[in-house]
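> this is a predicted model, with the sequence first.
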Amino acid sequence: MPVFEKPPIETLTMANERWTPLYLEHGRLEVDDSSVKWIGADRTVFRIPVATVSVLMLGPGTTITHAAIKACSDSNTPVCWIGEDGMRFYAFGVTPTHNNERALHQAATHASKSRRAEVARRMFVKRFPDVDVATKSVEELRGMEGKRVKALYGEFGLKYGVTWKGRQYDKNDWDLADNINRAVSAANASLYALCTAIVCSLGYLPQLGFVHQGGTMPFVFDMADMYKHETSLEAAFQTVSVKPEADEKDTIQLLKTTIERQRLLQRMPKDIEELLK
């Protein structure tokens, strides 16, 4: 049986110094010659320095051996199972992060009504720095945010010359939505998946949100909302502007480029730490 020697704790790379997430699909991860090796369906073969990767994101057609998942765990490298092009987030492999400081800090902040409101205000100000929210409650912030976001959609429509009739879609029948609504939904879903992978890999709790409250990922929605204007909405409106008949894949392709240009993977860990200080 292939053997992966567990690295000493003191030699593991800190989370904020690791490479950005690595997305893999249609291939196999296994341990060979004491290292984790990727064998792609296209016959691409390369070794992955798992101890220096922030998170492995496994897409469709991916298999992973028991030895490989153990090697990731020993290296304190999270593994996420996601949909094609990051469109969905299915599961997350818990890693022995050696402490739960981030989760405890987030939980303590969330448990305090005053601190929870303060984090919500920081999130709002980060998106709309021209507004004074010092005395606003979380409920008031939600109302203000709803109005601002509606206006933002209209601004993007004018900027890119795309007809915007409002956020209208049916999850059970995508064909009822127009192209721009389908593009926005696809881009947002992909952004949510990426944010979930980052939040989980850093050891935070997606269930404890500060603006959003319902469901199992309110903190993910909190974080994603802060970047939509420069990532998912930008990609969706720009794609439909250039190619009115564009499908979801066209939007996701531009979203990838936009996220890389905005350095979202490098910024989000720092932003979370600043928000929860």
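Cool, the structure landed. Because the structure is a prediction, the values reported are computed rather than measured.
> let me see the mean pLDDT of the helix or strand hosting residue 114.
Using DSSP states H and E, residue 114 falls within helix 113-127. Taken as a whole, helix 113-127 has a mean pLDDT of 91.
> next: stretch 210-223.
91.
> same question for stretch 241-256.
89.
> now do the contacts for residue 152.
229, 233 (C-beta atoms under 8 Å, 6 or more residues apart in numbering). C-beta: built from backbone N, CA, C; applies to glycine.
> ok, now which ones touch residue 207?
216-219.
> gap between it and residue 103?
10 Å (C-beta to C-beta, to the nearest Å).
> repeat for residue 219
11 Å.
> so which of those two has more stuff around it?
Shown here are residue 219 and residue 103; by other C-beta atoms under 10 Å, residue 219 has more neighbours (24 against 15).
> so residue 31 sits in a strand?
Yes. Assessed by DSSP: H, G, I helix; E, B strand; the rest coil, residue 31 belongs to a strand.
> distance of it relative to residue 66?
Taken as C-beta to C-beta, the span from residue 31 to residue 66 is 9 Å.
> those two: which has the busier surroundings?
Neighbour count, other C-beta under 10 Å: between residue 31 and residue 66, residue 31 has more, with 20 against 10.
> looking at it, the more buried one is touching residue 38, isn't it?
No. Between residue 31 and residue 38 there is no contact under C-beta atoms under 8 Å: 11.3 Å.
> all strands of the stretch 1-150 of the chain, in order?
22-24, 27-32, 35-40, 45-48, 56-58, 62-64, 79-82, 89-93 (DSSP state E, counting those that start in this stretch).
> mind listing the strands the fifth one pairs with, and their directions?
Strand 56-58 has these partner strands in its sheet, going by DSSP bridges: strand 22-24 (parallel), strand 79-82 (parallel).
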